[in-house]
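A.B. asks: Sequence plus predicted model, see below.
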Amino acid sequence: MSRTSRLFYRFLGLHSFLIGLFPFFIPVFLWKHGYSLGEISGFIAFTGASFVLTLWIWDRLHKTLSLNSLIAASFLVESLLLTLIFYQGQPGFLFLFALLNGAYNCFFWITQRALFFETLGERDSGRRFGNFQVVVAIIIKLGVLFGGLLLDKAGYLSVVLLSVFIGLLGSLSFFLLNEPMELPAVLRADPPLAVKEILGFRDGHGSRPVFLLDGPFLFLESYFWVISLFLLAHESFWKLGALVILLGAGFSALFYLIKNHIDRLPAQRIYALAVAGYAVSWLMRTTVGPDLNLAWLFTTLLLITFCTSFFRLAFNKRFFDLARNTSAHRYLFLKSYFSQFSIALGFALAALAFHSSQAEAESLLRISYLAAALLAPLYLLYRPRLRYSPHPCAADGAGSAP
């Protein structure tokens, strides 16, 4: 394993465990403290806006700072995020919490994608992303198990102290590396993305509309669906953790087999199948409730978990294949700009709609899942690169490399 791969998995492992300890629980932490679905939607909107602002800064910082300095900063930002929970209930808490959450998400996800992109070969994006997803799933679930137990049995202080301790160790382990880590020369040499380039981005793959579509779906999965699971777990952190562990164990073996073969299967057929399964998974979410038979409930949850993970595997394989054959790292940045902008706009509108609605939270969640099921087929707009093209970026517009 190369030095880049080793450092990538160290970064990934530490952050994944930290995500499981508390950031995974942020939506249910807010729910437990009495925040409505409208207020949580507002929190998500501010998180997306903060991500965009931080990405603008990160895109300029990485030209002058070493990569290990940026990684060290990501651990420090997460530690600040955790300590802010003691300000809960004070004026402006939700806004400040969202700003730090967006900044942390940006430092983690952009750095992670840049590092992962450097580990890819020519024809192994599906297998490598599958390996990556398996590692993340296992480590996050360990964190979720510990985090849930600590939150229920020992309180927030124990989680904060453990997270800050790991975060500081992780920060030091990268900051004190003998050899500084550097991003690829081409990434450091490229000028930062300008507003005109972002707004003018077009390509022949349907990237722009799908990036805008994908943003809200990410938070429907990681926030709204986690709240639904929390309600099924009788609002217990450790029961939620145990449920997540069971679901992960139930599908991991089958998923492991699929990710080893996805690079050799017909790409468009697999992608279309994954999108169809993803749409069905949102329909199934509308049926989930405590009144279901326990065996049927667990089977449904297992199918939802599998369809979602299978779709993310197929979608990210296509994403990284296109990134490698178009504008590389700039394509990664563009994806985040559009996805996070749509998160900010989409959930701001959802917050307004939820605030004016008299419906119960469970009904609003089901309506959101039904809307997601209807919109999910739009992922089919994301098209692979043409087999015959004079240049892999020849059809790209202002936002892509010529």
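C.D. replies: Yep, that arrived.

A.B. asks: in the chain, which helix has the most residues?
C.D. replies: Scanning the chain for the helix with the most residues, using DSSP state H, yields helix 294-325.

A.B. asks: buried set for it?
C.D. replies: The neighbour-count check on helix 294-325 (16 or more other C-beta atoms under 10 Å) flags 297, 300-325 as buried. To be clear about C-beta, it is placed using only N, CA and C from the backbone, and glycine gets the same treatment.

A.B. asks: Show me what it is packed against.
C.D. replies: Contacts defined by 3 or more C-beta pairs under 8 Å, 6 or more residues apart in numbering; DSSP states H and E place helix 294-325 against helix 93-119, helix 125-153, helix 237-259, helix 267-285, helix 329-356.

A.B. asks: Quick check: which of these is nearest to residue 16?
C.D. replies: When the helices and strands packed on helix 294-325 are compared by C-beta to C-beta, helix 125-153 sits nearest residue 16, at 3.9 Å.

A.B. asks: Surely residue 381 is in contact with residue 211?
C.D. replies: No: the criterion here is C-beta atoms under 8 Å, and residue 381 misses it with residue 211 at 10.5 Å.

A.B. asks: ok, the closest residue in space to residue 40 that isn't next to it in sequence - contacts?
C.D. replies: Leaving aside its chain neighbours, residue 40 sits nearest to residue 30 (5.3 Å; criterion: C-beta to C-beta, 6 or more residues apart in numbering). The contact partners of residue 30, taken as C-beta atoms under 8 Å, 6 or more residues apart in numbering, are 39, 40, 43, 94.

A.B. asks: What number of residues are in the vicinity of the last one?
C.D. replies: With neighbours defined by other C-beta atoms under 10 Å, the count for residue 94 comes to 17.

A.B. asks: quick one: which of the helices and strands packed on helix 294-325 is nearest residue 176?
C.D. replies: Per C-beta to C-beta, nearest to residue 176 of the helices and strands packed on helix 294-325: helix 93-119, 17.6 Å.

A.B. asks: angle of the closest one against helix 294-325?
C.D. replies: Helix 93-119 runs at 60 degrees relative to helix 294-325, counting by axes from the mean of the first three to the mean of the last three C-alpha atoms, to 10 degrees.

A.B. asks: For the remainder of this discussion, apply numbering that starts at 460.
C.D. replies: Sure, I'll start counting at 460 from here, so that last one is helix 552-578.

A.B. asks: Can you point out the buried residues in helix 552-578?
C.D. replies: 552-553, 555-576, 578.

A.B. asks: Quick one: work out the angle between the longest helix of the chain and helix 788-815.
C.D. replies: 140 degrees.

A.B. asks: Okay, now the unreliable bits of the stretch 510-659 of the chain?
C.D. replies: Applying pLDDT under 70 to the stretch 510-659 of the chain picks out residues 576-593, 639-648.

A.B. asks: Compare residue 840 and residue 670 (neighbour count), which wins?
C.D. replies: residue 670 (22 against 14).

A.B. asks: pLDDT wise, what is the more buried one at?
C.D. replies: Note for residue 670: predicted pLDDT of 96.

A.B. asks: Would you confirm that it contacts residue 799?
C.D. replies: No: here residue 670 lies out of contact with residue 799, judged by C-beta under 8 Å, at a distance of 9.5 Å.

A.B. asks: contacting residues around the most centrally placed residue in the chain?
C.D. replies: In the chain, the residue lying closest to the centroid (C-alpha atoms, centre = their mean) is residue 677, at 6.0 Å. Shown in contact with residue 677 (C-beta under 8 Å, 6+ apart): 798, 802.

A.B. asks: Which parts of the host helix or strand of it count as buried, going by neighbours?
C.D. replies: Counting by DSSP states H and E, the element that carries residue 677 is helix 666-678. For helix 666-678, the buried set under the neighbour-count rule, 16+ other C-beta under 10 Å, comprises 666, 667, 669, 670, 671, 672, 673, 674, 675, 676, 677, 678.

A.B. asks: Could you measure from the nearest residue to residue 520 once chain neighbours are set aside over to residue 625?
C.D. replies: Among residues not flanking residue 520 along the chain, residue 529 sits closest, at 6.7 Å (C-beta to C-beta, 6+ apart). The gap separating residue 529 from residue 625 is 18 Å, by C-beta to C-beta, to the nearest Å.

A.B. asks: same deal with residue 558?
C.D. replies: According to C-beta to C-beta, residue 558 and residue 625 sit 23 Å apart.

A.B. asks: picking up where we left off before, run the angle between the helix holding residue 677 and helix 552-578 for me.
C.D. replies: Going by the same axes, to 10 degrees, helix 666-678 makes 120 degrees with helix 552-578.
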